[in-house]
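Novice: Fold the following, please.
(chains A, B and C)
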Amino acid sequence: MNATPHRPPRYWLMKSEPEECSIDDALAAPNATVPWTGVRNYQARNFMRDEMQVGDGVLFYHSSCPEPGIAGIARVAGGTRPDPTQFDPDSPYHDPKSKPDQPRWLLLDVQALRKTRLISLAELREHPDLAQMRVLQRGNRLSITPLEAVEWEAITGRLLGGR
DNA sequence: GCCAACGTTGGC
DNA sequence: GCCAACGTTGGC
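Specialist: Here you go, the predicted model:
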């Protein structure tokens, strides 16, 4: 975790397949906190390693499911560390090229704060303020993407009724 | 299940 | 360093 103190909070969108870990699953976990396992993309890993800080806002996004969209609000809870599944031959996230003395893949803890109504991709596309969101761009695949503050405000404020 | 888009791999 | 082949993502 980058320890630069006192920077303004940042905001992130994090994708999770609800069959793996839904917002309900996260809220039901101890302390509503889950290790964000399975990131196997260098750009997303670097966000966790270099840019995400405790307290950053997270939109919890459900992907690869019947109703893709924003399903909850969470926060970065810290704890950046090697993702143990990379060393587990029985895990679908096993990476045989990763060595324990030089782990390739990291995870961090995400604390779910609340479930929201499902904000679908179609609804997100209706709002001009959100036109630049990575998750709305063609061909996007990144499972962790930064959000602009205005995007965070529009979604947590306007779309979710200011709560 | 389809398939476009993307990231990674590896031969050269 | 190029780039074709391949595997994966993820909405539809």
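Novice: Need the pLDDT of the residue sitting furthest away from the middle of chain A.
Specialist: Most distant residue from the mean C-alpha position of chain A: residue A:101, 26.4 Å away (CA atoms, centre = their mean). What the model reports as pLDDT for residue A:101 is 84.
Novice: How much space separates it from DNA strand C?
Specialist: 25 Å (CB to the nearest atom of the strand, to the nearest Å). Just so you know, the C-beta spots here come from the backbone N, C-alpha and C atoms, and that holds for glycine as well.
Novice: so what's that residue up against?
Specialist: Residue A:101 makes no contacts at all, as judged by CB atoms under 8 Å, 6 or more residues apart in numbering.
Novice: Looking from DNA strand B, tell me which residue of chain A is nearest.
Specialist: Taking CB to the nearest atom of the strand, DNA strand B has its nearest neighbour within chain A at residue A:139, 2.0 Å off.
Novice: Number of residues surrounding that residue?
Specialist: The local packing of residue A:139 (other CB atoms under 10 Å) involves 4 other residues.
Novice: Make sure it is indeed in a strand.
Specialist: No: per DSSP: H, G, I helix; E, B strand; the rest coil, residue A:139 lies outside any strand segment and is coil.
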